[in-house]
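Undergrad: sequence isn't available, so here's the structure alone:
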């Protein structure tokens with residue numbers, strides 16, 4: 001069940017190369033800025049920042065960014081890119097559940113289905129509580145995950161695609177309606193014939209479940225979107241993007 005400690009490496013970067021298209025990244029960050037009402041210069045926590053594509057774009061725009069991730073391989077890529085561009089971003093190797101930074105943030109991002117990886121609902125709630133704890137009152141949080149209702153209606157037990165210079169990826173999936181857990185077996189065949197196997201296991205939450213979990217962490221959901229174009233969240237939306245605010249006085 002600790003698949004997430006091994007999954008995010010150089011092979012992951014190859015599988016998800018499409019997510020790094022510069023225009024796509026810029027549009028996603030445009031959405032973050034507008035949805036959270038950011039003015040510029042705010043302190044932002046990119047929780048589960050991966051290779052840092054959003055952290056770096058935010059830094060280019062003058063935001064003060066801290067990126068946290070458990071993958072040393074992806075953080076190394078992020079740090080190298082920041083150095084090459086002369087960008088000031090603090091990248092930290094840490095499990096988000098054990099994060100303990102001294103100063104609160106104006107905004108927190110947890111995007112690209114980086115929530116639901118952990119062993120059970122209690123551990124997911126612990127991760128969300130840490131994100132909330134590091135957010136100042138009135139600060140905003142964006143949580144972006146796959147839409148459970150869309151996944152069920154469009155469920156495909158297997159499919160395949162080609163990526164990056166002739167590599168072939170086969171995904172074999174099962175979805176347990178009782179546990180709401182998506183299990184995927186990845187078979188990756190390299191252009192030279194090399195074969196790699198990966199496993200992933202994600203707890204896919206409904207909008208109602210996430211809203212209740214957020215309320216327990218003093219986060220009030222303000223809006224729900226179905227994509228990065230700002231479309232309203234609906235049953236057939238591909239994504240569930242929640243915008244929440246931290247309540248209280250500290």
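TA: Looks like it arrived, so ask away. Keep in mind that this is a model prediction, so the values were computed, not measured.

Undergrad: so which residues make contact with the top strand by length along the chain?
TA: Longest strand in the chain, counting residues (DSSP state E): strand 135-146. The contact list for strand 135-146 (CB atoms under 8 Å, 6 or more residues apart in numbering) reads 32, 35-37, 45, 104-113, 115-116, 128, 131-132, 202, 204-205, 210, 214, 219, 238-250. From N, CA and C alone the C-beta is placed, and that goes for glycine too.

Undergrad: quick one, which of these are buried?
TA: Buried members of these, counted by 16 or more other CB atoms under 10 Å: 32, 35-36, 45, 104-113, 115-116, 128, 131-132, 202, 204-205, 210, 214, 219, 239-246.

Undergrad: these in strands, which ones?
TA: 45, 105-110, 202, 219, 239-246.

Undergrad: list the buried residues for stretch 173-188?
TA: Neighbour-count burial for stretch 173-188 flags 173, 175, 180, 182, 184, 186, 188 (criterion: 16+ other CB under 10 Å).

Undergrad: go through these and name the one nearest residue 122.
TA: Here the nearest of the buried residues of stretch 173-188 to residue 122, counting by CB to CB, is residue 180; it sits at 14.7 Å.

Undergrad: could you find the closest non-adjacent residue to residue 204?
TA: Spatial nearest neighbour of residue 204, excluding adjacent residues (CB to CB, 6 or more residues apart in numbering): residue 148 at 4.7 Å.

Undergrad: measure that neighbour to residue 237 for me?
TA: 11 Å (CB to CB, to the nearest Å).

Undergrad: quick one, domains of the protein?
TA: 3-147+205-246, 151-201 (automatic domain parsing).

Undergrad: and the longest one, end to end?
TA: Domain 3-147+205-246 has its terminal residues 31 Å apart, counting by CA to CA, to the nearest Å.

Undergrad: what do you get for the last one?
TA: Counting by CA to CA, you get 14 Å between the two ends of domain 151-201.

Undergrad: what is the distance between it and the centre of its chain?
TA: Its chain's average C-alpha position is 18 Å from that of domain 151-201, according to CA atoms, centre = their mean, to the nearest Å.

Undergrad: let's test this: mean pLDDT of that domain, rounded?
TA: Mean pLDDT, domain 151-201: 95.

Undergrad: where are the low-confidence patches of the protein?
TA: 1, 249-250 (pLDDT under 70).

Undergrad: out of the domains of the chain, indicate the one that is most buried.
TA: Among the domains of the chain, domain 3-147+205-246 has the highest mean neighbour count (mean count of other CB atoms under 10 Å), at a mean of 18.

Undergrad: that's all I had, so thanks and see you.
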